[in-house]
Each structure stands twice: as structure tokens, then as C-alpha cells.
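> Turn this into a model:
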Amino acid sequence: MAIRLYAEPKLMNPIMIVGWPGIGNIGIITIDTLCEITGAEEFGEIESIYFFSPKKVIIRSGLLETLEFPKNKFFHTRLEKNDVIFFIGEEQPKKSIASGYAEGEEAYRMANLVIDVAVKFGCRRIYTSGAAVSYIHHTIKSKVWAVPNMKHLIREVKQYPNTVLMSHIENRAGRGFIAGLNGLLLGVAKKRGLEGICLMGEIPIYFQGLPIPYPAASRSVLEVFSTILGIPIDFSGFDELYRDVEIQIEDIYHQIPAEVKHQLDRLKESMREKQRELEPLTDENRKKLWDEIANFLKGDTGDEGAV
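Prediction:
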């Protein structure tokens, strides 16, 4: 059996909230924080040996002791509004490292195992969380993009604070795409009759390729979960924890080539003046901006400080 439960808690009206690493680690930071502030207790896992290669070999006193695999853990907590099951995966199964996203039979099987646990404990709704790569400036508050898997959920999603339906984002023509297990899990949940909503915090396109977290987006998603779960969240500890990351983000921003940085600063002013409407950026300018940022992320600018 790929699922191993250490306990079977008695849960009332539970929901499930799921997170994996991804761009900016937005989802995993969100779910880790929720687990911590709600005092969630571990009660099971999906055994990683069925999905992943070992991360490393553990040796003690000269003897090979064990193989270490990415962890995939279930936690539970009791809240006044809903009991909650959290699932946190340290890695998404994929065909190859080069593919970058969860895909194929193993990803589909893992998604179904997560849903198996949700069904076993009576969950009727699943939330996933991740990143929404967007034309925003890092000094502007991240919005939360939402994708429900059933039509009747749209009205509810529209009531969430600082949230917009992904299909309503400019130039998307009512369409969208969610890569990896965040999207796959919503589809599997729908197929098996469970409601599902993905909440994605915006991350600027010029940070999407960098190996650093983007806690500002996680903070926005946490504010939405505060409403959903009916719990207050004290962000003082959260902000203190990620203060060094925010400083690092500013340092990286100042390394961006002057021409690109000038366009991004214009974007910032446009977003403030037009209340986040992006009409001043034409399709041609968007492509030019993206090409220049992509070159910067690849280190093609020639600047020694490029990351």
C-alpha cells in the first residue's frame, strides 16, 4: 500500500488543503504556515519509494543506515468552522527533471491517492495553492488568482478578498492553464465528485526563474485562507521570518539591467494609477519586456551581478 496512516482521527465536516513546491514556493509556504498556526498533527503519509528516487543515503558510524526520500505527509487539525486535513509534498512526481512539472502516470496516481484519503475522511472539498506568474511589480500587493472546478463555486470565489478568477485576467479570453499537481488534483477531484479550488498568488515574471521564495504572494493567499477557515492570522511572525528574503528580492531587483528596470518601474506606476489595469502595456511591449527579462534570468545580459 502506498498510503500509510498512523492514526484515523474522527473529523467533523473536514476540508483538505494541499501544497507542493513550485515557483516561488508560494503554495508550500502557505500550507506550512497554516499547519504551524493551527497546531496540525501528522497522521499519515504517501510512501515515497513508489514515486521518487532517493534524495541521499544516510550513513552513521561508517554504516549505511537508510535511504532518504522526499516526504509526502498528511496532517489534521480541528477548527471551529471546519476540521482540516493538510497534505504537504516535498516534491512532485514527473517523468524527468527536464519536464519541470508533475505529469504522467505517477503524477495521476499520486493525485488519486491524495483524493483517496480525502474521501476516506469525508472531505467534500479540496484546496490547492501555487503561483500565478504575472505582469506585476514586486512592490505591488499580489492578487490571488482562483480556479474552481465546478460552476456553482464561482459565486463563492468572487467573495474572497483580493481574489480574481483566473479566466477574468486581462488577455486570457476566459481561459487559463494550471501546471503540475495543483491543476491535475482539481481535475481528479472533479472526476470523483469533489469540489476543488486552486488559489494562486501572483509572482512577478522577473522572479519566476530564480531559486528564492516569494513570501509576499504566500501572504496574500494566507489572507484568503483566513477568510475561508474563519481564523485570524497574526502576520508579525511571518513577516519577520521572511524579512531577509524581502531584502534579497530588493537586491536582485537592483541588479536588473537599467533598460528593463525602467520599464518595470513604469509598470509599477501604471498599476498604481490605473488600479492594476494593464492597458498601457501593448502586446508588443509585453513581448519585448518578457524577452529582456528572460535574457536577464539566463545571464545573457553580461552583468556580473545577474543571478
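> Only C-alpha atoms from now on, for both contacts and neighbour counts.
Will do.
> which residues does the nearest residue to Phe74 once chain neighbours are set aside contact?
Across the structure, with CA to CA, 6 or more residues apart in numbering as the measure, the residue nearest Phe74 apart from its sequence neighbours is Phe87 (4.6 Å). Contacts were defined as CA atoms under 8 Å, 6 or more residues apart in numbering; by that measure Phe87 touches 16-19, 72-75, 114.
> one more time with 7 Å, if that's ok
17-19, 73-75 (CA atoms under 7 Å, 6 or more residues apart in numbering).
> now, among those residues, which is nearest to Leu63?
Within those, proximity to Leu63 (CA to CA) peaks at Lys73, which comes in at 27.5 Å.
> Which secondary structure state is assigned to that closest one?
Using DSSP: H, G, I helix; E, B strand; the rest coil, the three-state assignment for Lys73 comes out as strand.
> What separation do you get for it and Gly39?
Between Lys73 and Gly39 the distance is 15 Å, computed by CA to CA, to the nearest Å.
> if you count what's nearby, which of the two comes out ahead?
Neighbours per residue (other CA atoms under 10 Å) separate Lys73 from Gly39, with Lys73 holding more: 20 against 13.
> Quick check: bridge partners of the more buried one?
When assigned by DSSP bridges, Lys73 has beta-bridge partners Glu45, Ile88.
> That one contacts Glu47, doesn't it?
No: because the distance of 8.9 Å does not satisfy CA atoms under 7 Å, Lys73 is recorded as not touching Glu47.
> Pop the domain breakdown of the chain in here.
For the chain, the domain assignment from automatic domain parsing gives the residue ranges 3-250, 254-307.
> excluding its backbone neighbours, what's nearest Gly44?
Closest residue to Gly44 apart from its sequence neighbours, by CA to CA, 6+ apart: Leu5 at 4.0 Å.
> can you check Ile140 too?
Ranked by CA to CA, 6+ apart and with sequence neighbours excluded, the top spatial neighbour of Ile140 is Lys268, at 7.2 Å.
> what helix or strand is the one you found on?
In this assignment (DSSP states H and E), Lys268 forms part of helix 258-273.
> Quick one: the helices in the protein, in order.
Using DSSP state H, the helices of the chain run over 26-38, 104-120, 154-157, 180-191, 215-229, 236-241, 243-253, 258-273, 283-298.
> Distance to Lys81 for those helices - can I get that in TSV?
As requested, the helices of the chain are arranged in TSV below (distance: least, CA to CA, whole Å):
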stretch	distance to Lys81
helix 26-38	13
helix 104-120	18
helix 154-157	16
helix 180-191	22
helix 215-229	6
helix 236-241	23
helix 243-253	32
helix 258-273	36
helix 283-298	43
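> mind checking which of those helices is nearest Lys141?
Between Lys141 and the helices of the chain, the tightest spacing by CA to CA is seen for helix 215-229, at 7.4 Å.
> Relative to the whole chain's centre, how far out is that closest one?
Its chain's C-alpha centre and that of helix 215-229 lie 11 Å apart, by CA atoms, centre = their mean, to the nearest Å.
> number of nearby residues for Glu45?
In terms of burial, Glu45 registers 21 neighbours under the definition other CA under 10 Å.
> Over to His76?
By other CA under 10 Å, 25 other residues sit near His76.
> Count the residues that sit near the residue nearest to it when sequence neighbours are not counted.
Leaving aside its chain neighbours, His76 sits nearest to Ile85 (4.4 Å; criterion: CA to CA, 6+ apart). Using other CA under 10 Å, Ile85 has 26 neighbouring residues.
> How about the contacts made by Ile85?
14-17, 74-77.
> Tell me how many other residues crowd the residue nearest to Gly44.
Burial of Leu5, expressed as a neighbour count using other CA under 10 Å, amounts to 13.
> And for Lys191?
Using other CA under 10 Å, Lys191 has 11 neighbouring residues.
> Met150 versus that one, what's the distance?
Taking CA to CA as the criterion, Lys191 is separated from Met150 by 11 Å.
> what's the answer for Val144, then?
Taken as CA to CA, the span from Val144 to Met150 is 18 Å.
> Over to Ser236?
Relative to Met150, Ser236 is positioned 35 Å away (CA to CA).
> So which of those two has more stuff around it?
Met150 (14 against 8).
> Tell me the pLDDT of the residue nearest to the more buried one when sequence neighbours are not counted.
Here the nearest residue to Met150 in space, its sequence neighbours aside, is Glu195; by CA to CA, 6+ apart that works out to 6.5 Å. Glu195 is assigned a pLDDT of 97 by the prediction.
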